[in-house]
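Asker: sequence isn't available, so here's the structure alone:
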């Protein structure tokens, strides 16, 4: 049995590929790479085929995660048949995903940090990972910290729910 997780942001060049690469790293370290499938996508397709933003790559690499091999893609309807978890980085992207979601979808669709159960109180005051694209290095560092917290919580949840 395998579990599949899709991380979603707007352009799939900052937050979702960071979550993808970071979560994949944690899955690999846990010895669960053959049981947990990880991917990322964007609600917009402007960057399809592009590598993650250089600032996202640099911030991730500084923390030990190589995301340079990932490439952006747009969310498609088939994702709702392929993924058990579809996790948006913010409410705007979640709203977009809700318009695409087929009635038959039985998986988990929600905000990444909320579904993960990550304790981010005092960091942002909400369950969104803010888009760092128009910000500076501090915003990218804040985003990756939130994603790290969420990834640990999500992995623990999946391990418990699926007895992995």
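Answerer: Received it, and whenever you're ready, just let me know what you need. For clarity, every value in this text was computed on a predicted model and none was experimentally measured.
Asker: mean confidence for stretch 54-72?
Answerer: Predicted confidence along stretch 54-72 averages 97 (mean pLDDT).
Asker: got the buried residues for it?
Answerer: 55-57, 59-60, 65, 67-68, 70, 72 (16 or more other Cβ atoms under 10 Å). All C-beta spots, glycine's among them, are computed from the backbone N, C-alpha and C.
Asker: quote the end-to-end distance of that stretch.
Answerer: Between the opening and closing residues of stretch 54-72 we find a distance of 13 Å, counting by Cα to Cα, to the nearest Å.
Asker: picking that back up, what is the nearest of the buried residues of stretch 54-72 to residue 32?
Answerer: Proximity of those to residue 32 (Cβ to Cβ) peaks at residue 65, which lies at 16.7 Å.
Asker: isn't that closest one up against residue 22?
Answerer: Yes. With contact taken as Cβ atoms under 8 Å, residue 65 and residue 22 are classed as touching, separated by 4.9 Å.
Asker: quick revisit: output the buried residues of stretch 54-72 as a markdown table; include the columns distance to residue 79 and secondary structure.
Answerer: A markdown table is the format used below for the buried residues of stretch 54-72 (distance: Cβ to Cβ, whole Å; DSSP: H, G, I helix; E, B strand; the rest coil):
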| residue | distance to residue 79 | secondary structure |
| --- | --- | --- |
| 55 | 26 | helix |
| 56 | 21 | helix |
| 57 | 24 | helix |
| 59 | 26 | helix |
| 60 | 23 | helix |
| 65 | 23 | coil |
| 67 | 20 | coil |
| 68 | 23 | coil |
| 70 | 16 | coil |
| 72 | 14 | coil |
